[in-house]
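Visitor: Quick one, structure for this:
(one chain, ligands or ions: 1)
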Amino acid sequence: MVAGSGKSAGAWGRRLSPAWIGLACSVIALSMTATACADQRDESGTGSSAITAGSSDGRTGQDGQTSGRRRLKLHRVAGFNRPVEVKSAPGFPKLMFAVEQEGRVLVVRRGRKLARPFLDLRGPVQSGGERGLLSIAFPPDYRKSKRFYVYYTDSTGDIRVDEFRRRTAVRARRNSGRRVITIPHRKNANHNGGQLHFLGRNLYFGTGDGGGAGDSDGNAQNLRSLLGKMLRIDPRPQGGSPYSIPASNPFADVGPGRPEIFSWGLRNPFRWSFDLTRPKRPRMIIADVGQDRFEEINDVSVNRANGADFGWNAFEGFSEFDGGGARDSVKPELVLTHPKACSVIGGLVVEDRKLPALRGRYLFSDFCDNRIRSFRPGPGRSARARSTGLSVPQVSSFGANRRGSVYITSLEGGLYRLAQ
Ligand SMILES: [Ca+2]
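Guide: Numbering: from 1, shown residues only. Coordinates of the predicted model:
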């Protein structure tokens, strides 16, 4: 990242500020005890000012107390080198895959990290700041097809999605790589987006606006650019093409936009997820890192997201940024205000029955604030975030295994499992 330039250069890779270090719960404490440290700011009653409820009048929400009779805890599972994602794979319920920013994917089997990496892409991946290997995704037919996908920045800074195949359950074929899509991204090192998820056979991924600050190139609202977008493709080769376009994409056949575009108006959707609580009505919850004032979390049905404008850079949060206007853009469900928040880290909706305090709630955090918080998502709700009482320094992502157990990664190295 570009040092010392704060928000404009460091969406989620911002350097530690002294104030932040003072407030953070140390990773050593987390690793030595079964119970994570409580968040001091919640106890002091000053923790609510960073959250604004999801309404345009900007009223301030309240952080609640830790919910449930049994306390939530974080168990340290394993350590990695700057983990940025943790994923599970269909058909392999005992495995978790941890993505290291530098370019490796490692396997955790029944709670134990395996020494040999699943995949090592440290050669082609350019890592550092916000760049690196940022995501992995396994399609529903992974067990049979053996195909999976990775999202990374290459030696030029361009964004790449490549396909690989597994050799065994715990080892990929390094030489099976196939380029699916390359998205030019050489101008700035920041805002690379970076998370892949499958819904059915289609692969969705969010890209950043091209970096710098303020989207000075106007990419997010430019329907001829693949930057600042949620994209959707079927990543299997078809008719000589490395991927195909789902017929229901908004610009699949005609229109002003590139056919890969699913949604636009995003700044840097570094972490986002599907909410499959109601499988017939899937939702997308997109945490979009903000500029200098507001972090935002958007919660819409997949149907609504198809062809939707999430506002940037006309709006930052609810506030006009460049132009504003009466456009029909999606407004955030929840906004976090600076300076306490700096880079929202999107999480997931908890489905684990063993986490009754959080079941049905959306977990998230912020890279500077680093408290783990939640709200109840869904249509027609005004989101009210409350604290879990837990903090993870340099929090980088949330993931779940096939049974719904929730995991959290820290750039400091820790992979934690949430328990109650
Ligand atoms: Ca927005």
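
Visitor: Let's test this: mean pLDDT of stretch 103-113, rounded?
Guide: Average pLDDT, stretch 103-113: 97.

Visitor: my bad, stretch 253-265
Guide: Rounded mean pLDDT across stretch 253-265 is 95.

Visitor: what are the phi and psi values for I286?
Guide: phi -110, psi 120 (degrees, to the nearest 10).

Visitor: can you tell me which residues contact the residue nearest to it when sequence neighbours are not counted?
Guide: Distance criterion Cβ to Cβ, 6 or more residues apart in numbering; nearest residue to I286, sequence neighbours excluded, is W272 at 4.1 Å. C-betas here are computed from N, CA, C, even on glycine. By Cβ atoms under 8 Å, 6 or more residues apart in numbering, the residues touching W272 are Q195, H197, G206, M230, M284, I285, I286, A287, G346.

Visitor: in the protein, which segments are predicted with low confidence?
Guide: By pLDDT under 70, the weakly predicted segments of the chain are 1-69, 380-382.

Visitor: Specify the residue positioned farthest from the middle of it.
Guide: The centre of the chain is farthest from one residue, G239, which by Cα atoms, centre = their mean lies 32.2 Å away.

Visitor: and the one helix or strand the residue nearest to I286 maps to, which strands flank it?
Guide: Assigned by DSSP states H and E, W272 falls within strand 271-275. Strand pairing for strand 271-275, using DSSP bridges, gives strand 283-288 (antiparallel).

Visitor: So which bits of the strand holding W272 are buried?
Guide: Across strand 271-275, burial judged by 16 or more other Cβ atoms under 10 Å covers R271, W272, S273, F274, D275.

Visitor: Same check on stretch 268-286?
Guide: Across stretch 268-286, burial judged by 16+ other Cβ under 10 Å covers 268-275, 277, 282-286.

Visitor: Mind putting the residues you listed into TSV with distance to A341?
Guide: Listed next are these as TSV, based on distance: Cβ to Cβ, whole Å:
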residue	distance to A341
N268	14
P269	16
F270	14
R271	14
W272	17
S273	19
F274	24
D275	22
T277	26
P282	27
R283	23
M284	21
I285	17
I286	16
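
Visitor: Just the C-alpha atoms of stretch 111-119, please, in CSV.
Guide: Output of stretch 111-119 as CSV, limited to C-alpha atoms (Å, rounded to 0.1, in the frame of the first residue of the first chain):
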residue,chain,number,x,y,z
GLY,A,111,-9.0,-28.7,13.1
ARG,A,112,-5.4,-29.4,12.1
LYS,A,113,-3.3,-27.4,9.6
LEU,A,114,-1.6,-29.6,7.0
ALA,A,115,2.0,-28.9,6.3
ARG,A,116,1.9,-29.2,2.5
PRO,A,117,-0.1,-26.5,0.8
PHE,A,118,-3.1,-27.3,-1.3
LEU,A,119,-1.8,-24.8,-3.9
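
Visitor: Report the buried residues of it.
Guide: Neighbour-count burial for stretch 111-119 flags P117, F118, L119 (criterion: 16+ other Cβ under 10 Å).

Visitor: for stretch 103-112, same thing?
Guide: Residues of stretch 103-112 classed as buried: G103, R104, V105, L106, V107, V108 (neighbour count, 16+ other Cβ under 10 Å).

Visitor: do the same with stretch 369-389
Guide: So for stretch 369-389, counting by 16+ other Cβ under 10 Å, buried means 369-375, 377-378, 383-389.

Visitor: on that earlier part again, from the buried residues of strand 271-275, which is closest to the ion?
Guide: W272 (12.4 Å; Cβ to the ion).

Visitor: quick one: the closest one from F138, how far?
Guide: Distance, W272 to F138, using Cβ to Cβ, to the nearest Å: 17 Å.

Visitor: same question, G211
Guide: According to Cβ to Cβ, G211 stands 29 Å off from F138.

Visitor: which of the two has more neighbours?
Guide: The neighbour count for G211 versus F138, taken as other Cβ atoms under 10 Å, is higher for G211 (26 against 22).

Visitor: Provide a list of residues in contact with the more buried one.
Guide: By Cβ under 8 Å, 6+ apart, the contact set of G211 is A9, H185, K187, N188, A189, N190, H191, N192.

Visitor: Show me what from the chain comes close to the ion.
Guide: The chain has residues F310, G311 near the ion, with proximity defined as Cβ under 5 Å from the ion.
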